[in-house]
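[1] Fold the stuff below for me.
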Amino acid sequence: MVDLSPDPNLARARRTLLEYAAPDAHQEEMRTRILGFIDEHPDDAHLRSCLEGHLTSSALLLDSSRERILLTLHRKLGMWLQLGGHCDGDANLVGVGLREAQEESGIMEIVIDPKPIDLDIHRIPEHKGVPAHWHLDTRFVAQAPLDAIEHMSEESLDLRWFGLETALGMDLDESLLRAIGRLE
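    Predicted structure coming up:
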């Protein structure tokens, strides 16, 4: 049984990252950089108040057949993205990924794989007085139950299921395409 309870201790995030079996040199570099960021920010790497950047967690939410992925048209960024967001003081990255998938999809009965599928570091532009900063994202695979009905949150302009092949052919962020490619 996976412990999904919130945990403020960054040792929890560190453990998840250390257990990640990086499939290539790029993912190993991402892991090394995220672990280094935690070392540089031992008290606030998982808080938005860390203005240089902060840990985030996300989920590639698949339908029950594992043939479709739910993507959100992000309100602030205007891009199709996986479901995810800020840790807000919770260093349980898998728990954060699940919470964000539930909040952004409206689907509560999601099952999440506790092993990361991808790591990514990306720059978030300045927005409404919040300076540009880094998101250090840990990505998980999650599955919705049969007959799940999604409900769009206020964070989205649109929320839609896409076949995996269709998603791979879309003009998505390269890191999202990479993560989706790992699903096959």
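
[2] For the one residue sitting closest to the centre of the chain, what is the enclosing helix or strand?
    Centroid check for the chain by C-alpha atoms, centre = their mean gives Ser58 as the closest residue, at 1.5 Å. Per DSSP states H and E, Ser58 falls inside strand 53-62.

[3] hmm, who's touching the helix or strand that that strand is followed by?
    Sequence order places strand 68-74 as the next helix or strand after strand 53-62, per DSSP H and E. With contact meaning C-beta atoms under 8 Å, 6 or more residues apart in numbering, strand 68-74 is reached by 60-63, 79-83, 104-105, 144, 150, 152-153, 155-164, 167, 172, 180, 183. Using the backbone N, CA and C atoms, a C-beta is placed for each residue, glycine as well.

[4] All the helices of the chain, residue numbers only.
    For the chain, the helices defined by DSSP state H occupy 10-19, 25-40, 93-105, 164-168, 174-181.

[5] what angle do the first one and helix 93-105 make?
    To tie it back to what came earlier, the one meant is helix 10-19. 100 degrees (axes from the mean of the first three to the mean of the last three C-alpha atoms, to 10 degrees).

[6] quick one, helix 10-19 and strand 53-62 angle?
    Going by the same axes, to 10 degrees, helix 10-19 makes 60 degrees with strand 53-62.

[7] Going by neighbour count, list what's buried in helix 10-19.
    Counting neighbours by 16 or more other C-beta atoms under 10 Å, one finds that the buried residues in helix 10-19 are Leu10, Arg12, Ala13, Arg14, Thr16, Leu17.

[8] helices and strands around it, which ones?
    helix 25-40, helix 93-105, strand 133-143 (3 or more C-beta pairs under 8 Å, 6 or more residues apart in numbering; DSSP states H and E).

[9] Would you format these as JSON lines with mean pLDDT and distance to Asp3 included?
    Output for those, formatted as JSON lines (pLDDT from 0 to 100; distance: least, C-beta to C-beta, whole Å):
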{"stretch": "helix 25-40", "mean pLDDT": "98", "distance to Asp3": "19"}
{"stretch": "helix 93-105", "mean pLDDT": "98", "distance to Asp3": "8"}
{"stretch": "strand 133-143", "mean pLDDT": "98", "distance to Asp3": "14"}
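
[10] Put the buried members of the contacts of strand 68-74 into a PyMOL selection.
    Buried residues within the contacts of strand 68-74, by 16+ other C-beta under 10 Å, are selected in PyMOL with:
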select buried, resi 60+61+62+63+80+81+82+83+104+105+144+150+153+155+156+159+161+162+164+167+172+180+183
